[in-house]
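Q: need a structure here:
(one chain, ligands or ions: 1)
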Amino acid sequence: MVPKKPAPLDFGHPPETVQFWKRLVREALSFSPSTPLYVFSSEPIAERISELDAALVKAGFPLKTKNPKFKTSFQHWLSCKTQPVAPLLRWWREQGRGIEVVSEFELRAALVEGFAPENILINGPAKHRWLPRFEVRDLSVNFDSPAELAALLPLAKKLNWRLGIRILTREEVDAENPQFSTQFGFAPAEAVAALTQLLAEPARMETVHFHLRSNVSSVAIFERAIAEVTAVCQAAKFHPLHLDIGGGVPVRHVLTRGSKVFDGEFGLGSFAEMLRQSVKLFPALREIWLENGRFVSSGGGALAIKILDVKERGGVRQLICDSGRTLNALHSLWEQHALIPLEERVGEEVLTVVHGPTCMAFDQIARMSLPRSLRAGDHLLWLDAGSYHIPWETRFSHGHAAVWWHDKKGMRLAREAQSFENFWGQWSGVK
Ligand SMILES: Cc1ncc(COP(=O)(O)O)c(C=O)c1O
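A: Numbers count the residues shown, from 1 in each chain. Purely as a prediction, here's the structure:
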């Protein structure tokens, strides 16, 4: 769908942000001209965390629990699934922060990267299939179902796990069939029964959790979910020490395919204020836990692609690039991101479709007005590629892109572009 009035190429990014990413991509290209590549940087992530912190502190939360005047603090967990990039995990761990994982591989990655077990929070469905293989003490584990609870409780008691349950709220529905709820968590009646059982056990039952969805459009939706969770806790006479509200704070500078912003009605100030008021509902609460993926990580990445060929047909310019939706930016199926020419190209703008190199008409990252002067050999930067791009990249006819990591120590190659040997070597088991 073509927006009637095309959005500016920077999608509201300040000029410094655009210059920042151009500088980093130029630096990566100066080390190796090979594209496509992702550049990820800790700096925008640190800025998002500071912004969240500032809003929460302004609403009355302390940064640390140490101050006895304030009983309830907050904690950010890194959503590993959002951006499972090793140097990001290292950078995050060095700040003493915790990580949220939802699979065996993610837990193993967190342990390999040196996270202390008390700084690892385990979420996700059907954990009883793999978690019993880990004899690790002091983990935090949020149960997702009665079957999981039954299977894992003996281990949880033996290994001193800090326990929680995920509660399914009415806000969580199947987006394609909203009359049905999602598959996650305990339904409210199950949650009351589980809490009653757990409170009678010699177990560390401490947390209630929900995760609504990505890009929650308003603070009121979180507020309604917290009210439901409060009712469950009251029915079970449970006073949680931690209220884990998952992720869902909406992404910035990204539009829907219909050109709406995701965060239009969402204010961080009112979000923080609502959380501050919610503390009153839980008399024993020590911490609110946040697991934001998109909001925290999206701005921390850019994808750089190169134009390989140019066609013109039916009044539309088509740029065939070395990457696009299919390989590295599945998000373009439902989102529009800033797409910035790296080289200075000015003059008349024409309707342009930017394609990847795969044999699928589906492979188009953007349809927008771009300068006619763009030519083969030029680069385009797809911004806000720091969340869910690595987990959703494909190897459709081509290998994985190179990944560069940037932080205060400078720029390093974090992952080489996939070689043919690696691409084909996966079949080495078949003789
Ligand atoms: C349990 C849980 N926490 C946090 C997140 C991160 O969500 P978001 O990227 O929307 O902030 C997810 C995403 O699926 C999740 O399932």
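Q: just the element for residue 230, please.
A: helix 219-236 (DSSP states H and E).
Q: quick one: that helix near the ligand?
A: No. Using C-beta under 6 Å from any ligand atom as the criterion, no contacts between helix 219-236 and the ligand are found, and the smallest distance is 11.9 Å. Placement of C-beta: from N, CA and C, glycine included.
Q: show me the helices in the stretch 151-300 of the chain, by range?
A: Taking DSSP state H, counting those that start in this stretch, the helices of the stretch 151-300 of the chain run over residues 188-199, 219-236, 268-278, 294-297.
Q: give me the contact list for the host helix or strand of residue 404.
A: Of the helices and strands defined by DSSP H and E, residue 404 is found in strand 402-407. Among residues not part of strand 402-407, those counted as contacts by C-beta atoms under 8 Å, 6 or more residues apart in numbering are 24, 28, 31-32, 34, 36-43, 85, 87-88, 91, 390, 411-417.
Q: what's the answer for stretch 247-257, then?
A: Residues from elsewhere that reach stretch 247-257, judged by C-beta under 8 Å, 6+ apart: 1, 7, 11-13, 52, 79, 82, 211-217, 222, 261-263, 266, 268, 271, 290-295, 298-299, 333-338, 383-384, 387.
Q: could you list the buried residues of it?
A: Taking 16 or more other C-beta atoms under 10 Å as the neighbour-count basis, stretch 247-257 is seen to contain the buried residues 247-255.
Q: quick one: which of those is nearest to the ligand?
A: For the ligand, the closest of those turns out to be residue 247, at 2.3 Å, with distances computed as C-beta to the nearest ligand atom.
Q: list the contacts for the residue nearest the centre of the chain?
A: Within the chain, one residue has its C-alpha closest to the average C-alpha position: by C-alpha atoms, centre = their mean, that is residue 293, at 2.7 Å. Residues near residue 293 by C-beta under 8 Å, 6+ apart: 79, 81-83, 214, 247, 387-388.
Q: out of those, which touch the ligand?
A: Taking C-beta under 6 Å from any ligand atom, the overlap between the contacts of residue 293 and the neighbourhood of the ligand is 79, 82, 214, 247.
Q: can you redo these as TSV with pLDDT?
A: Formatted as TSV, these follow (pLDDT from 0 to 100):
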residue	pLDDT
79	98
82	98
214	94
247	98
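Q: ok, residues contacting stretch 341-350?
A: By C-beta under 8 Å, 6+ apart, the surrounding residues in contact with stretch 341-350 are 9, 22, 25-26, 304, 316-317, 369-374, 378-381.
Q: what residues of it count as buried?
A: Applying a neighbour-count criterion of 16+ other C-beta under 10 Å, one finds 341-342, 349 buried in stretch 341-350.
Q: what is the burial count for residue 356?
A: Each residue near residue 356 was counted by other C-beta atoms under 10 Å, and the total is 25.
Q: which residue, other than its chain neighbours, is closest to residue 179?
A: The spatially closest residue to residue 179, leaving aside those adjacent along the chain, is residue 173, at 7.6 Å (C-beta to C-beta, 6 or more residues apart in numbering).
Q: next, count neighbours for that neighbour.
A: Neighbour tally, residue 173, other C-beta under 10 Å: 15.
Q: who does it form a beta bridge with?
A: Legend: beta-bridge partners of residue 173 under DSSP bridges are residue 181.
Q: quick one: it from the ligand, how far?
A: 15 Å (C-beta to the nearest ligand atom, to the nearest Å).
Q: hang on, the earlier thing: so among the contacts of stretch 341-350, which ones count as buried?
A: Neighbour counting over these (16+ other C-beta under 10 Å) leaves 9, 22, 25, 304, 317, 369-372, 374, 378-381 as the buried ones.
Q: pLDDT for those - can I get that in JSON lines?
A: As requested, the buried ones among the contacts of stretch 341-350 are exported to JSON lines (pLDDT from 0 to 100):
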{"residue": "9", "pLDDT": "71"}
{"residue": "22", "pLDDT": "98"}
{"residue": "25", "pLDDT": "98"}
{"residue": "304", "pLDDT": "98"}
{"residue": "317", "pLDDT": "98"}
{"residue": "369", "pLDDT": "94"}
{"residue": "370", "pLDDT": "95"}
{"residue": "371", "pLDDT": "96"}
{"residue": "372", "pLDDT": "96"}
{"residue": "374", "pLDDT": "98"}
{"residue": "378", "pLDDT": "98"}
{"residue": "379", "pLDDT": "98"}
{"residue": "380", "pLDDT": "98"}
{"residue": "381", "pLDDT": "98"}
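Q: ok, those vs the ligand, which is closest?
A: The shortest separation between the ligand and any of the buried ones among the contacts of stretch 341-350 is 22.0 Å, and it belongs to residue 381 (by C-beta to the nearest ligand atom).
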